[in-house]
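> Here is the input, now give the coordinates:
(2 chains)
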Amino acid sequence: MTRAKFGLTISAFAMVALLVLRLVGSAHAQSASVATPMLRLYVDPKTKQVFTESGKGRVLLATIPVAALDPNAIEQRVEQKTHLQLEENQQQMLEITKRNQQLESDNLQLVRQVAEITPAWRSYIDNFQSKIRIGALVYADWRLYSHTGFGPQEQENLNTPGPGNNIYNSFDISRAYLNFFFFPTDDFVLRVTPDIYATRGVATADKIGKVSAIGSNLDGNLALRLKFAYLQYKKAFAWNPNLKEDTITVGMINNPLISWEEDLWGYRFVTDPPWNYTGLSSAQFGVSMQGPITFNERQYIDYDFGAFSNGNYHQYDQTNTKQVMGRVSVYPFGAKWRFDGLGATFFYDYGYGNVAPDTVATTSLLHGKTGHITRGAALLHYDKENWGLIAEYDWGHNAFTGANLFSSSGPVDYFGVGTSSFAGFSKMATGFLENGKAVERGLDFMGHYHIPRTPFTLFGLFQWFQPNTKVNLNPLDFQRWVAGVSYQYNEYLRFAIDSQNLLFYHSQTDVPEDYVNSFAPVFTKPKPGAMVADAVQRDTHAFFLNMEFNY
Amino acid sequence: MTNQIRLGRARWPIVAGLLAVAMTGCASRAEPLTSAPIPANQVASASEATPAGPPPSAMSDQCMWIGGSTPANWICNGKPYTQQKLYRLRQDWEKKQKANR
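Below you'll find the model as predicted:
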């Protein structure tokens, strides 16, 4: 074989091998494309380059199916994944939105709760206005007496020297309430009202050591005491539409008549109404029930009744009994507001003298303090916005004593601190008034008229009182009259100028001591023909300037 | 021929109409004279009455004190007020008058 023939044979063999290889390769590729065409990736570890063909120093990195490199397929997969991801994200966002809404709502509630949670002191201050009321009521005056005399006080805490002290004059404060009302709940109210009182009475001086003494300061001070202290329940009858405003009150409480009549007349800052003037106190310890009875929003009945101590609010109650008092006011045409229109009022009081039980059992010359006491009043009244008129008939039993007659001032003999020319008169008053069987009678008129288009109101009071109707031509019978004009300065302040007069209206006379002793043996061993000279006392005439501050 | 008014068939409707008018008159006469019935409270309600125009004055004959202290209660033209309410109404009115000048 020649060299050329060998070369041709090798070349042919190589070509056949290549062809076979190609055929095998294509057969393999065909078989692979039929199975899964693959992309081989090679990496040069030194340079970190990635190649799609093998080469020197390159190692196989990955084998990836060609289908995976199909753009459409990739796009589809990406779309799918993205879609899935989007859906997932949307879901998450929905949940987040829901949670956010919930959080917002919770937040709002929390803010509200926080706003409502105020500090305790802030809550107390905010509630102060609706839970507590504080106010004041002050009566003050300047009075001048052209003629002084013995008699009852025009107002509590006013005292006047007796006969022979003309032109006596005085600045006074006769009332100074501080009103505290507490409303912890809708159904209860607590009232506490301190008031002033004039201390009267000379205590002996204080001896200090062997040679020193300090004078008493108990006389003349204006001291504080309690006037009202009560708890009132406002919903006792809330279940009944006719009685829903009615209340039950317990403690140191208003008298059923006096406070009501003070409001009806409207001039308590000038002088006392009739039974108050003759000794019935405006407050006692006790329990009472009161209120209007309404039909169709109109008041037809207004009442107040209860059980009270026999002593008044500034006395120690010594008795083992109690007194009952009651008032009923009837408005036959229905009152649109308190006191509106025509009304008729009835009052009755039954009680006992304020003495201890062992005193009651003791035989006594004078039964005034131990006997039972009754008081009654019947009133007819008519009220409109600018005028009002009251007519009153009073009666009583054992209800007016020497202490009441001389509440402003009386003879030294009556109080046991001296003797005077009024000794006989003093005994006469005791015998006529404190025998335990005295019968009282009185007639009164009160009224006011507001002058149109002015702040001025005319007012007047007339009281006629017989302290014991059993006494023939009783020198102690009196008339009282008050007349004046008031000026309303503003909603809180008003003034009045008025004349106040007490008249013992019988002609001057002497009274036999025997006659007095027929009521009570106050004169020991009276001589025949002995008389109480000048038994009719001097009148009292005064001029007042009054002021009322009410808040 | 007479002077009688001939109602003819119209008389029954006319009678019915007159009756209706009469009943309305009777009903209105039964109404209370004030604009609304007011409960006869012992204590006036400060929120009940807030009149338009010049307020009622405690210094005039429109108003009457009906008792109480802390607060004092008034009736003005048939309506209840506390003294504080009257004072506030007066103050507000005076301020308005000053501002309008």
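> hey, which helix or strand in the chain has the poorest pLDDT?
Answering for chain A, as no chain was given. For chain A, the helix or strand with the lowest mean confidence is helix A:3-35, at a mean of 49 (criterion: mean pLDDT, DSSP states H and E).
> my question was about chain B
Every helix and strand in chain B was compared by mean pLDDT, DSSP H and E; the lowest is helix B:11-29, with a mean of 43.
> Secondary structure element holding A:E87?
Remark: A:E87 resides in helix A:71-116, with elements defined by DSSP states H and E.
> Over that helix, what's the mean pLDDT, rounded is fine.
Mean per-residue pLDDT for helix A:71-116: 83.
> Over to stretch A:42-53?
For stretch A:42-53, the per-residue pLDDT averages 91.
> likewise stretch A:473-487?
Averaged across stretch A:473-487, the pLDDT comes to 98.
> How far away from the center of its chain is it?
36 Å (C-alpha atoms, centre = their mean, to the nearest Å).
> Can you list the buried residues in that stretch?
For stretch A:473-487, a neighbour-count test (16 or more other C-beta atoms under 10 Å in any protein chain shown) marks A:474-478, A:480, A:482, A:484-486 as buried. Glycine gets a C-beta too; all of them are placed from N, C-alpha and C.
> Ok, stretch A:231-242 next?
Going by 16+ other C-beta under 10 Å, stretch A:231-242 has these buried residues: A:232, A:234, A:236-237.
> from these, which single one is nearest A:G447?
Closest approach between the buried residues of stretch A:231-242 and A:G447, by C-beta to C-beta: A:Q232, at 31.5 Å.
> near chain B, which residues of the stretch 351-500 of chain A show up?
Within the stretch 351-500 of chain A, the positions near chain B by C-beta under 8 Å from any C-beta of the partner chain are A:383-386, A:388, A:450-455, A:488-492.
> Make a ChimeraX selection of whichever of these turn out to be buried.
The following ChimeraX line selects those of those that are buried, judged by 16+ other C-beta under 10 Å:
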select /A:383,385,386,388,450,455,488,491,492
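> tell me the least confident of the residues of the stretch 351-500 of chain A next to chain B?
Least confident entry in those, by pLDDT: A:E385, with 85.
> so where's the chain uncertain?
Since you didn't name a chain, this refers to chain A. A:1-35, A:67-71, A:73-74, A:115-128, A:360-368 (pLDDT under 70).
> was after chain B, sorry
B:1-52.
> Of the residues of the stretch 351-500 of chain A next to chain B, which belong to strands?
Per DSSP state E, strands hold the following members of these: A:383, A:388, A:450, A:488.
> give the contact list for the last one.
Under the criterion of C-beta atoms under 8 Å, 6 or more residues apart in numbering or on different chains, the neighbours of A:Q488 are A:455-457, A:494, B:58-59.
> Pull the most distant pair out of those.
Using C-beta to C-beta, the pair of those lying farthest apart is A:F456 and B:A58, separated by 13.0 Å.
> more neighbours, these two?
In terms of neighbours (other C-beta atoms under 10 Å in any protein chain shown), B:A58 is the more surrounded of A:F456 and B:A58; the figures are 24 against 15.
> and that one, helix, strand or coil?
Using DSSP: H, G, I helix; E, B strand; the rest coil, the structure places B:A58 in coil.
> Make sure it is actually in contact with B:L86.
Yes. B:A58 is within contact range of B:L86, at 5.1 Å (criterion: C-beta atoms under 8 Å).
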